[in-house]
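Trainee: When you get a sec, could you give me coordinates for this:
(2 chains)
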Amino acid sequence: MDEIKMAQMATEWEGNYDPNSIKSITFCVTEDCNLECRYCYMTGKNKRRSMTFETAKKCVDYILENKKDFKEDSVIFEFIGGEPFLEIDLIEKVCDYIKFKMFKLNHPWFNSYRFSFSTNGLLYKTDRVQKFINKNKTHLSIGISIDGNKIKHDLQRVYPNGTGSYDDVIKNIDLWLEQFPEAATKATFSHDDLVYLKDSIISLWKKGIKNISANVVFEDVWEEGDDLIFEDQLNQLGDYILENKLYDKYYVRFFEPNIGNPIRKNELKNNFCGSGKMLAIDTEGNFYPCIRFLDFSLNNRKGICTGKIGDGFDKDRLRPFKILNCKNQSSNECLKCEVASGCAWCTGFNYDTYGTIFKRATFNCKMHKANVRANKTFWNKFEIETGKVSPRKKYENISDKKFLQFLLSDDMTPICSYNYIKNKGLNTMSKEIFEKGVKFAKKNNYEIILIGDIDFIDNNYYMNMVSSTSKSKYIDNKSIVIYDNSADGCCNNIDTCILLINKDNIKNIYEYTKLISMKHNRINLFFQDLNEWTSIQFDNYEDELDKLIDLTKESYANNNILEINILSDRINFSEHCNCDAGLSTITLAPDGNIYPCPAFYYDRIDTPLSNIDDALNGNYRNNNFSDKEGDLCITCDAYQCKACKYLNKKYTGEYNVSPKNQCLISHIERKKAKKLQSILINDKFIDSSNLITDINYSDPLEAQYHEKDIYC
Amino acid sequence: MNRIEDLTYSFTLTELEKKEIRILNEKISALYELKLGVENLEADEDEKKSLMEEIKRMGIQTDKSIRLWWIKKQNKYLKEIKDRIFKLDYKSNKVFSKIIE
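Mentor: The predicted structure is shown next:
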């Protein structure tokens, strides 16, 4: 997985010690520039201000002599402008002095430092710049900004007379890549140039630049429909990458596989950028939290100066930056966003927009969401076309995912604890509803699951499949096959299957399971009419479970482990994994309505959640579904129990309270799982963690209220 | 210069070992690049001469440390003492080596 170049973040130098302990110190050596880029954030720069050697020397002395304020293991000295190479003589002198000073002080940074440059590249081939590069070549990192192809680059990166700079920069690229073969460029896209995105990225790769740290601007420039143009460009780029198998050769940030997941708890304390941890120094020797807080980088505010040469740091001014993190600068909407990871912001721009660093500007929200959709599409297609595991899997938690099931026709075999009602008529989903469903799923970050098969679906849809037939053209290793009260119709090479059992077939559970286990490694048993079970069915079920225990034990002995949900899940789970109908899984039915699950479509015991048109317009309600466990489940540790929402609602009137039969069946399974666990531990097939304890009740209601008589 | 893949023997370093040799190599290159900048310093000729001598002394010492370090790894991983060329692939921690004829 890690060998896929497209999945590897373009990492900067990581130091020779702890990669999380690198100080970044930026010298703004000049405000002068030989270009006047139209999107440059340094709107207040001018030609007059440049740093003197004396100022730089005083800064170097202060930094290297104050180890208590600069405790990091490694350092990056960055030189920025304007255009820094306009001051190459000063930079060379400063770098020579830094090296000398570190050596004389026996400073630990002498063994772990870099000089870094962001340049427009126009002066790259000059003798003075080349002399500097050759003199410091093992400690240099140089990024040249090229925005893409000529038309895109020349739209933004222009000389003061308005002409484009592409032809002059591109002359220097070969030498740059010869000297820094893994160098990266930053390509930034805005409203005007979005349509050139695909061609721009490809053009940069063709020039030999393998790593592109591309992004869209944070500013309030986006217009209606820009997100769709962006998504379309990324989809086209993704198809080009796949067609030409470029995923092993190149990287572009848009397809980084960790984009588009919820924020994890441990990430809330981090800041997205390093403002406050880094140090930026202006031409006069004043200190700032980063280059974006300098006066000339801000349009609406004065800069935030956090100290100056001679006086040292203003510790009070730095305090807000010390506590700045993802949580305290994000709105609730951002914190709860399902696709938050990889969403970029700039603390300096936030400050310029709102006057505080504790409020995020979110003008690029819809652009990030478009990026996420295209990113997911790309990696799903990658899986289909290469047969390799998507690197996104490494970053995804199953609990983060949402699924939209498409019930394609009325006569689909049930997939869970309900019955297909045969006298209902035969509706099939129209192409129009299907396409609206796909649009809704993509827009709202649902993964698609097809229940059944229909003619108009082509393979352009990436999806999971649940089918009762082995003939479906879409069945692949992501599919699930259903056996409806029989063991007939096996499909090979599919890991998981569903076995449906009605009350008349309980005595056949072992027989069916044994046959099916030759084709599948995991079998999920569901009971269709469990509220009609009487003592006969309960007794038969206990007998069948004993036989399944032997079958499972045998599978361990043969080193071909079989999982049967009703036994294995209680051993493997450490918490409930209840039915998620109406929460993370919803169902679009042939009538165009959205239901918690197919059972609610066949048996209308509650109103639909929405219809697809309303849902597309954002009017989606969830009928009081709650992700908290029901009060019964809180006291129960039959973790394998699904607590079916449909059966709950049908028989108790509440989604989160199970009927008695559900609880009794689950506790029989729990008892048998305990027996299986004990056998597997004795035979040393598993360790003794998560031991299932003894309990003295068969219905959690008894345990909770001690009113056994009332409920028997 | 031998290309990595031309070198006959190979072994893999631990992360800690890689860090140790990386820091020593970093020091050698830092000393070399410091030497190239001495002329540019605002100091008199005697000070520059003294600094150059200090750099040279430190360079010899670091170079010796590097050679000793490789001899230790040679003993650990190859079990034979001969003059060798070593190339470390930092990405894989794999060392490629060849006996100097």
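
Trainee: show me the residues around the most centrally placed residue in chain B that make contact.
Mentor: Nearest to the mean C-alpha position of chain B, counting by C-alpha atoms, centre = their mean, stands B:N25 at 4.2 Å. Counting by C-beta atoms under 8 Å, 6 or more residues apart in numbering or on different chains, B:N25 makes contact with B:I66. Glycine gets a C-beta too; all of them are placed from N, C-alpha and C.

Trainee: Next one: it relative to A:G307, how far apart?
Mentor: Separation of B:N25 from A:G307 (C-beta to C-beta, to the nearest Å): 35 Å.

Trainee: Could you do B:I85 as well?
Mentor: In terms of C-beta to C-beta, B:I85 sits 50 Å off from A:G307.

Trainee: So for the two, which sits in the more crowded spot?
Mentor: Just comparing B:I85 and A:G307: by other C-beta atoms under 10 Å in any protein chain shown the higher neighbour count belongs to A:G307, 20 against 15.

Trainee: Just want the phi and psi numbers for the residue lying farthest from the centre of chain B.
Mentor: The centre of chain B is farthest from one residue, B:D44, which by C-alpha atoms, centre = their mean lies 31.2 Å away. Per-residue torsions, B:D44: phi -80, psi 170 (degrees, to the nearest 10).

Trainee: swap in B:E47?
Mentor: Dihedral pair for B:E47: phi -60, psi -40, per degrees, to the nearest 10.

Trainee: The residue lying closest to it once chain neighbours are set aside: neighbouring residues, count only.
Mentor: Using C-beta to C-beta, 6 or more residues apart in numbering or on different chains and skipping the chain neighbours, the partner closest in space to B:E47 is B:L41 (8.0 Å). B:L41: 17 surrounding residues under other C-beta under 10 Å.

Trainee: Just to check, B:L41 is in contact with B:K48?
Mentor: Yes - under the criterion of C-beta atoms under 8 Å, B:L41 makes contact with B:K48 at 6.6 Å.

Trainee: Going along the chain, name the strands of the stretch 101-250 of chain A.
Mentor: Here the stretch 101-250 of chain A has its strands, by DSSP state E, counting those that start in this stretch, at A:113-119, A:140-144, A:184-185, A:188-189, A:211-212, A:215-216.

Trainee: now chain B
Mentor: Secondary structure of chain B by DSSP state E: the strands cover B:9-12, B:84-89, B:94-99.

Trainee: Can you say which of those strands is nearest to chain A?
Mentor: Comparing the strands of chain B by their distance to chain A (C-beta to the nearest C-beta), the top pick is strand B:84-89, with 13.4 Å.

Trainee: Contact residues of chain B facing chain A?
Mentor: Counting by C-beta under 8 Å from any C-beta of the partner chain, the residues of chain B close to chain A are B:19, B:22-23, B:26-27, B:29-31, B:33-34, B:36-38, B:40-41, B:51, B:54-55.

Trainee: Name only those of these that count as buried.
Mentor: Burial by neighbour count, 16 or more other C-beta atoms under 10 Å in any protein chain shown: within the residues of chain B next to chain A this picks out B:22, B:26-27, B:30-31, B:33-34, B:37-38, B:40-41, B:51, B:55.

Trainee: now, which of those residues sits nearest A:I241?
Mentor: Set against A:I241, the nearest of these by C-beta to C-beta is B:R22 (33.5 Å).

Trainee: Give the full set of residues in contact with the closest one.
Mentor: For B:R22, the contact set (C-beta under 8 Å, 6+ apart) comprises A:N16, B:Y90.

Trainee: Show me what residue of the stretch 151-300 of chain A gets nearest to chain B.
Mentor: Taking C-beta to the nearest C-beta, the stretch 151-300 of chain A has A:E182 as its residue nearest chain B, at 10.9 Å.

Trainee: So that residue sits against A:W176, correct?
Mentor: No - between A:E182 and A:W176 there is no contact under C-beta under 8 Å: 11.4 Å.

Trainee: Who has more neighbours out of the two?
Mentor: With neighbours defined as other C-beta under 10 Å, A:E182 and A:W176 compare such that A:W176 has more, 23 against 11.

Trainee: Please report the distance of the more buried one from A:Q537.
Mentor: 76 Å.

Trainee: Check A:T188 too.
Mentor: Separation of A:T188 from A:Q537 (C-beta to C-beta): 66 Å.

Trainee: can you check A:I686 too?
Mentor: Applying C-beta to C-beta to A:I686 and A:Q537 gives a distance of 30 Å.

Trainee: okay, now A:C337: neighbour count?
Mentor: Burial of A:C337 is recorded as 22 neighbouring residues (other C-beta under 10 Å).

Trainee: ok, now which ones touch it?
Mentor: By C-beta under 8 Å, 6+ apart, A:C337 lies in contact with A:P262, A:I263, A:C343.

Trainee: show me what contacts the residue nearest to B:E47?
Mentor: Applying C-beta under 8 Å, 6+ apart, we find B:L41 in contact with A:D96, A:Y97, A:F100, B:E47, B:K48, B:L51.

Trainee: so what pLDDT did the residue of chain B found nearest chain A get?
Mentor: In chain B, the residue that lies nearest chain A is B:G37 (3.2 Å; C-beta to the nearest C-beta). What the model reports as pLDDT for B:G37 is 95.

Trainee: same deal with the one 5 residues further on?
Mentor: In this prediction, B:E42 carries a pLDDT score of 91.

Trainee: right, and A:C95 touches A:F77 too?
Mentor: Yes - at 7.4 Å, A:C95 counts as touching A:F77 under the criterion of C-beta under 8 Å.

Trainee: burial of the nearest residue to A:R292 once chain neighbours are set aside, as a residue count?
Mentor: The spatial neighbour of A:R292 that comes closest, neighbours along the chain excluded (C-beta to C-beta, 6+ apart), is A:G348 at 2.5 Å. A count of nearby residues for A:G348, using other C-beta under 10 Å, gives 26.

Trainee: same question, A:P181
Mentor: A:P181 sits with 9 neighbouring residues when counted by other C-beta under 10 Å.

Trainee: remind me which residues of chain B are low pLDDT?
Mentor: Along chain B, the model assigns pLDDT under 70 to residues B:1-6, B:80-81, B:101.
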